[in-house]
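# sequence unknown, structure follows:
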Ligand code: GAR
């Protein structure tokens with residue numbers, strides 16, 4: 001069984017999709033070892049508690065500077081002895097040291113078709129606001145391995161989602177979640193846990 005730690009910052013609908021997929025057997029060979037939030041009082045922590053998963057907070061506010069926080073965050077993650085770290089709506093940049101220690105073992109979900117609408121400043125609802133501002137007709141979601149860059153790691157999977165003329169950022173966000181995110185992320189975790197994908201030489205390779 002693979003030990004999986006999920007990092008979150010907010011509502012945790014992607015976390016819930018993972019929890020549900022483990023319960024239903026859609027994800028196999030996975031034990032959800034812990035949930036780490038960088039914010040206090042978020043719904044993700046309630047979701048973890050309701051599922052009987054250990055939840056905890058490591059907040060930058062509790063540390064003198066980012067370096068101290070990064071150290072504490074890495075320590076907390078490592079305490080769970082994870083085989084895979086899943087960023088499910090985790091809105092902080094992963095420290096470089098952590099990327100080195102867990103190379104090929106961190107995956108992230110991004111609510112757009114990378115390399116569009118990603119990088120600095122593109123997170124959560126902001127992504128969908130920019131998509132609507134630009135007027136593109138198709139957006140989607142991407143699951144990728146995490147490297148030192150911002151949304152630059154090897155792509156595991158992507159799914160396109162239509163943008164409607166009358167969309168608001170909120171309606172678009174929900175459609176991207178329902179049609180893409182909540183399916184792609186559990187599937188990628190199951191693929192990883194069962195040895196069907198891996199990061200090799202800076203690419204995602206699929207093993208049949
Ligand atoms: C999700 O849409 C996720 O893709 C996005 O934040 C949202 C979190 O929602 N992540 C990013 O923007 C990362 N750059 P959730 O807490 O309900 O899963």
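That came through fine. Please read all numbers here as calculations on a predicted model, not as lab measurements.

# over to the residue of the chain found nearest the ligand: give its phi and psi.
For the chain, the residue closest to the ligand is residue 89, as judged by C-beta to the nearest ligand atom, at 2.6 Å. (Each C-beta comes from the backbone N, C-alpha and C, glycine too.) Note on residue 89: its backbone torsions stand at phi 80, psi 40 [degrees, to the nearest 10].

# and it, what does it touch?
8-15, 44, 109, 124 (C-beta atoms under 8 Å, 6 or more residues apart in numbering).

# pLDDT and distance to the ligand added to those, as CSV?
Shown next, in CSV, are the contacts of residue 89 (pLDDT from 0 to 100; distance: C-beta to the nearest ligand atom, whole Å):
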residue, pLDDT, distance to the ligand
8, 98, 6
9, 98, 7
10, 95, 4
11, 96, 4
12, 98, 5
13, 98, 3
14, 98, 3
15, 98, 6
44, 98, 6
109, 98, 4
124, 96, 4
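
# most neighbours out of the residues you listed, which is it?
residue 15 (29 neighbours; other C-beta atoms under 10 Å).

# hang on, it packs against residue 42?
No: with contact defined as C-beta atoms under 8 Å, residue 15 does not reach residue 42; the gap is 10.0 Å.

# now the common contact residues for those two.
Common contacts of residue 15 and residue 42, defined by C-beta under 8 Å, 6+ apart, comprise residue 8.

# related to what we said a few turns ago, what's the pLDDT at the residue of the chain closest to the ligand?
On pLDDT, residue 89 comes in at 97.

# that one and residue 162, how far apart?
Counting by C-beta to C-beta, to the nearest Å, the separation of residue 89 from residue 162 is 22 Å.

# what does residue 116 give?
15 Å.

# the two: which has the busier surroundings?
Each of residue 116 and residue 162 has its neighbours counted (other C-beta under 10 Å); residue 116 has more, 16 against 12.

# where's the more buried one, which helix or strand?
Under DSSP states H and E, no helix or strand contains residue 116.

# that one contacts residue 141, correct?
No: Residue 116 is beyond contact range of residue 141, at 11.5 Å (criterion: C-beta under 8 Å).
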